[in-house]
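Student: Sequence first, then the predicted structure:
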Amino acid sequence: MNKYTIQPASYAYLQDLVSFLTENSSVYLEVSGHTDNDGNAEANRNLSFNRANAIRKYLIVNHIDSNRIVAKGYGDTQPVKPNTTSENKAQNRRVEFLKIDRQ
């Protein structure tokens, strides 16, 4: 599952996010990438950052100012479910958005 390409099912949601950010130019975002606990910690941090950065790049290509978006990778440090089943691990492999104060 070491992928960080954007899933086709995510594009409609991301376009809604682009519209929101376009209409609300004072909003700044952290794009947070996460993984399950498979693999080593450094590889997971890199993968999670790459996931978040793929979204950041998509937003920039869609005319959102790069200064408004920060990508961070948290690896497996913030699971939403215990990494005990494949279903739970799938939920831990995610990207989240957090409104942040102006940098």
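Tutor: Happy to help now that I have it.
Student: For the chain, which segments count as strands?
Tutor: Along the chain, counting by DSSP state E, strands occupy 28-34, 69-73, 94-100.
Student: show me the contacts for residue 79.
Tutor: Residue 79 sits next to 34, 36, 37, 88, 92 when contact means C-beta atoms under 8 Å, 6 or more residues apart in numbering. C-beta: built from backbone N, CA, C; applies to glycine.
Student: hmm, back to that, take the strands of the chain and write them to a markdown table, including distance to residue 20, mean neighbour count and mean pLDDT.
Tutor: A markdown table is the format used below for those (distance: least, C-beta to C-beta, whole Å; neighbours: other C-beta atoms under 10 Å; pLDDT from 0 to 100):
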| stretch | distance to residue 20 | mean neighbour count | mean pLDDT |
| --- | --- | --- | --- |
| strand 28-34 | 10 | 21 | 98 |
| strand 69-73 | 13 | 20 | 98 |
| strand 94-100 | 10 | 14 | 96 |
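Student: how about a markdown table for the ones you listed, with distance to residue 82 added?
Tutor: Putting those into a markdown table (distance: least, C-beta to C-beta, whole Å) gives the following:
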| stretch | distance to residue 82 |
| --- | --- |
| strand 28-34 | 14 |
| strand 69-73 | 21 |
| strand 94-100 | 15 |
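Student: Mind checking the ones you listed for the one nearest to residue 46?
Tutor: Residue 46 sits nearest to strand 69-73 of all those, at 6.8 Å, using C-beta to C-beta.
Student: tell me what the closest one is packed against?
Tutor: Helices and strands touching strand 69-73, as assessed by 3 or more C-beta pairs under 8 Å, 6 or more residues apart in numbering; DSSP states H and E, comprise strand 28-34, helix 41-61.
Student: State the pair within the contacts of residue 79 that is farthest apart.
Tutor: Across the contacts of residue 79 (C-beta to C-beta), the longest gap, 12.5 Å, separates 34 and 88.
Student: which stretches of this protein have low pLDDT?
Tutor: Within the chain, the stretches with pLDDT under 70 are 1, 103.
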